[in-house]
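Q: give me a 3D structure for the following:
(one chain, ligands or ions: 1)
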Amino acid sequence: MKQNRTQAIPGYDYGEATVAASPVTIEELRRLEETVGWTEDDARWLRAAAETLVPQSERMVDAWRAKIGRQPHLSRWFAKADGTPDDAYKAAVKCRFVRWVSDICLRPHDQDWLNYQEEIGLRHTPAKKNQTDGGQTPSVVPLRYLIAFASVVITSVRSFLDSSDRSEEELKAIETAWMRAVLLSIALWARPYASEELW
Ligand code: HEM
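A: Take a look at the predicted model:
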């Protein structure tokens, strides 16, 4: 397990030299943002939504995990060769997934953010899966499931916003910003799965 001075969450090395350098340029990131429709307004809406979402981030991850747990073709990516769950691995990954809710809402889309998207992508592929936590699980989360699961992560956000007293218009703006941020992330996470000319 990687550790360093500034880490409170094991394996979470956002902004550190140990994170993969993204081969994607900031210029290309801006083009992708434009493609997904991401604007400064979206960044503002997510920063505002963080106050409601971040305190619920563990509940959000638990809900997504429960969905995965109910589908054996998904939960197997968290299981050892004998088919039993790798509980230590699941627990370690969960802490970083919980932290991701805060990051997607609050982190600026700068070079550190871009690098960590590359790192998250790599951690779903044979290049880095299992390495951070010494997991004993299959070496890849197939790209098709990464993409398809975005639907769950996107559509479920509304149920975590119900506790806020925002207007329908504001809730729609937050949902749209969240959708754009998730899709932008998945587009970047897909990079290590594709050959350079095809990404
Ligand atoms: C939109 C969909 C998804 C999101 C937002 C997401 C998010 C994340 C995040 C934030 C991490 C931790 C990254 C870090 O180390 O800092 C992670 C790791 C992981 N995710 Fe996903 N994920 C998605 C889809 C899936 C699916 C469908 C599966 C499999 C069923 C999956 C399995 C895993 C596994 C096994 C790890 C640990 C990888 C490792 O470091 O060994 N993910 N995911």
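Q: from now on I want contacts and neighbour counts done on CA atoms only, so please keep to that.
A: Noted.
Q: show me what whichever strand or helix holds residue 154 is packed up against.
A: When elements are assigned from DSSP states H and E, residue 154 belongs to helix 143-155. Applying 3 or more Cα pairs under 8 Å, 6 or more residues apart in numbering; DSSP states H and E, one finds that helix 143-155 contacts helix 168-189.
Q: buried residues of the helix it packs on, list them for me.
A: 171, 173-189 (16 or more other Cα atoms under 10 Å).
Q: would you mind getting the angle between the helix holding residue 154 and helix 168-189?
A: Relative orientation of helix 143-155 and helix 168-189, computed by axes from the mean of the first three to the mean of the last three Cα atoms, to 10 degrees: 160 degrees.
Q: and the ligand, is helix 143-155 touching that?
A: Yes: Helix 143-155 reaches the ligand (Cα under 6 Å from any ligand atom) through 145, 146, 149, 150, 153.
Q: and of those, the nearest to residue 20?
A: residue 146 (19.6 Å; Cα to Cα).
Q: if I look at the closest one, how far off is residue 104?
A: 17 Å (Cα to Cα, to the nearest Å).
Q: what sits closest to residue 32 if chain neighbours are left out?
A: residue 184 (7.0 Å; Cα to Cα, 6 or more residues apart in numbering).
Q: revised request: answer the last question for residue 53.
A: residue 160 is the one closest to residue 53 (Cα to Cα, 6+ apart), at 6.7 Å.
Q: and what of residue 112?
A: Nearest one to residue 112, counting by Cα to Cα, 6+ apart, is residue 15 at 5.2 Å.
Q: what about that neighbour, distance to residue 50?
A: 20 Å.
Q: now the helices for this protein?
A: 26-36, 40-53, 57-69, 72-75, 87-106, 111-123, 143-155, 168-189 (DSSP state H).
Q: need the winner for burial among those helices.
A: helix 111-123 (a mean of 21; mean count of other Cα atoms under 10 Å).
Q: contact partners for residue 86?
A: Counting by Cα atoms under 8 Å, 6 or more residues apart in numbering, residue 86 touches 78, 79, 80, 135, 136, 137.
Q: what of residue 76?
A: 83, 85, 137, 138.
Q: pLDDT at the closest residue to residue 126 other than its chain neighbours, what is it?
A: In space, and not counting its chain neighbours, residue 126 is closest to residue 139: 4.8 Å by Cα to Cα, 6+ apart. Reading off the confidence values, residue 139 has pLDDT 97.
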